[in-house]
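Participant: Below is the sequence, then the predicted model.
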Amino acid sequence: MEKIKIAIAGMGNCASSLLQGIHYYQDKSNEDAVGLMHWDIGGYKPHDIELVAAFDIDKRKVGKDASEAIFSLPNCTTRFSKEIPRKNINVKMGKILDSISDHMKEYPENNTFVLAEENEASKEEIVNILKESESEILINYLPVGSEEAVKFYAECALEAGVAFINCMPVFIASNPEWMKKFEEKNLPIIGDDIKSQLGATIVHRILADLFQKRGVKLEKTYQLNMGGNTDFLNMLNKDRLISKKESKTEAVQAILEKRMEKENIHIGPSDYVQWLKDNKICFIRMEGKIFGDVPMNLEMRLSVEDSPNSAGVAIDAIRCCKLALERGEAGALHSPSAYFMKHPPKQFTDDEAYRLIEDFIKGNE
């Protein structure tokens, strides 16, 4: 198969896990490929994905080969692929805009961004890089709350004629105006806000659906998350959490036949604990009533390495986006978005989304 040529905006922990995974599975077969939802999508295997361009703003990454940059500070995710060959792709200086929260300047360099000294790139420069590298898909891995920066890269994708996968909670694929822009350019988009392979959101959704199917009235629930990577440090600024909280809350509300009152549902990042690094700890509590209006409650604790948990989903999203490019499908891809993302243009139950993505892959949608 030909390679699927991708560009990445934001060479953080998620990009590290994605690139490690592409290399990790290259010597695997369907029988021993643990941790993938799909080994083959339209004939494409995980190792058929190739990085051709990368952007960041940290001086410890800009100018370095991507194989080195993904292990540079402040990245702290698990190194599960021991040897990553040189990509011969140097990380280019990107656009800063609102991609850094002011409060992060108060933390030691090892934990936060250190701005590169190079002049930030213009839209024209980034568009030219995307074109010259023959990028087919641009993956957005910018920090939560980077509203202006995400829209900037989405515009770059449109001008360069590149598909877009929005892994962050800035509403692009689920915004009718942006959907129309990608439709008019005959480009597919998948988004918004990637749903981890087995993370807090998918587990919370499944439990909420289970309550309904078993006749349990869900009355109150919370989901509290903490971690020690730059994502959680960034989210200490509550002003940057508006879209993130909306995305995670809506993902659960959408499962329920009757929406919960706002005061009875709380979902969102809660704190930054430096020594946790890329490990994410999630606490879920659900209170309800069973037969005879008898009260019950459920409490659950989930611990998982955050970035690898999303990388397998990203590998599937990339391959589905490639299929859409081959088929000439444009605009928001509803089935992949519903299965891979927390805030898709249209929500489905997880069972429905699973059936839809299988039909999409087979071309029977």
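Facilitator: That came in fine, so what should we check first?
Participant: and the closest residue in space to Q26 that isn't next to it in sequence, how many neighbours?
Facilitator: Using CB to CB, 6 or more residues apart in numbering and skipping the chain neighbours, the partner closest in space to Q26 is H47 (3.7 Å). (C-beta placed from N, C-alpha, C; glycine too.) Neighbourhood size, H47 [other CB atoms under 10 Å]: 17.
Participant: List phi and psi for Y44.
Facilitator: Per-residue torsions, Y44: phi -90, psi 130 (degrees, to the nearest 10).
Participant: er, W39 actually
Facilitator: phi -80, psi -40.
Participant: what residues are up against the closest residue to E2 other than its chain neighbours?
Facilitator: The spatially closest residue to E2, leaving aside those adjacent along the chain, is D48, at 7.7 Å (CB to CB, 6+ apart). Counting by CB atoms under 8 Å, 6 or more residues apart in numbering, D48 makes contact with 1-4, 319.
Participant: hmm, 10 Å instead?
Facilitator: By CB atoms under 10 Å, 6 or more residues apart in numbering, the residues touching D48 are 1-4, 22, 26, 40-42, 315, 318-319, 322.
Participant: buried subset of those residues?
Facilitator: 4, 22, 41-42, 315, 318-319, 322 (16 or more other CB atoms under 10 Å).
Participant: Would you mark the buried spots in stretch 238-247?
Facilitator: 240-241, 243-247.
Participant: quick one: contacts of it?
Facilitator: Residues outside stretch 238-247 that contact it (CB under 10 Å, 6+ apart) are 98, 101, 103, 143-147, 150, 168-171, 174, 192-193, 195, 201, 231, 234-235, 248, 253, 266-269, 341-343.
Participant: Which of those fall in helices?
Facilitator: 147, 150, 201, 231, 234, 248, 253 (DSSP state H).
Participant: I49 and I318 touch, don't they?
Facilitator: Yes. Using CB atoms under 10 Å, I49 is in contact with I318, at 5.6 Å.
Participant: hey, what's in contact with both of these two?
Facilitator: Contacts common to I49 and I318, judged by CB under 10 Å, 6+ apart, are 4, 6, 18, 22, 137, 139.
Participant: Check the gap between P269 and S196 for me.
Facilitator: Noted for P269: a distance of 14 Å to S196, by CB to CB, to the nearest Å.
Participant: Tell me which helix or strand in this structure has the weakest average pLDDT.
Facilitator: The weakest-scoring helix or strand in the chain, judged by mean pLDDT, DSSP states H and E, is strand 265-272 (a mean of 92).
Participant: So which elements touch that one?
Facilitator: Packing partners of strand 265-272 (3 or more CB pairs under 10 Å, 6 or more residues apart in numbering; DSSP states H and E): helix 200-213, strand 217-227, helix 230-234, helix 242-253, strand 279-290.
Participant: would you turn the ones in helices among the contacts of stretch 238-247 into CSV with distance to I89, neighbour count and pLDDT?
Facilitator: Rendered in CSV, the data for these read as follows (distance: CB to CB, whole Å; neighbours: other CB atoms under 10 Å; pLDDT from 0 to 100):
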residue, distance to I89, neighbour count, pLDDT
E147, 28, 19, 96
V150, 22, 30, 98
T201, 32, 23, 96
D231, 24, 22, 94
N234, 25, 23, 95
K248, 33, 24, 95
Q253, 41, 18, 96
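Participant: can you pull the contacts of N166?
Facilitator: 138-142, 150, 153-154, 157, 172-174, 178, 189-194, 317, 337, 341, 343.
Participant: tell me the contacts of the residue of the chain most remote from its centre?
Facilitator: Centroid-distance maximum for the chain: G292 at 41.8 Å, with CA atoms, centre = their mean. For G292, no residue meets the contact criterion (CB under 10 Å, 6+ apart).
Participant: Helix, strand or coil: sort out it for me.
Facilitator: helix (DSSP: H, G, I helix; E, B strand; the rest coil).
Participant: D316 against L36, yeah?
Facilitator: Yes. At 7.8 Å, D316 counts as touching L36 under the criterion of CB under 10 Å.
Participant: got a pLDDT number for E365?
Facilitator: pLDDT recorded at E365 is 69.
Participant: now swap in L218 and tell me
Facilitator: Looking at L218, its pLDDT is 98.
Participant: For it, name its beta-bridge partners.
Facilitator: G288 (DSSP bridges).
Participant: Assess the claim that it and E287 are in contact.
Facilitator: Yes. Applying CB under 10 Å, one finds L218 in contact with E287, separated by 7.6 Å.
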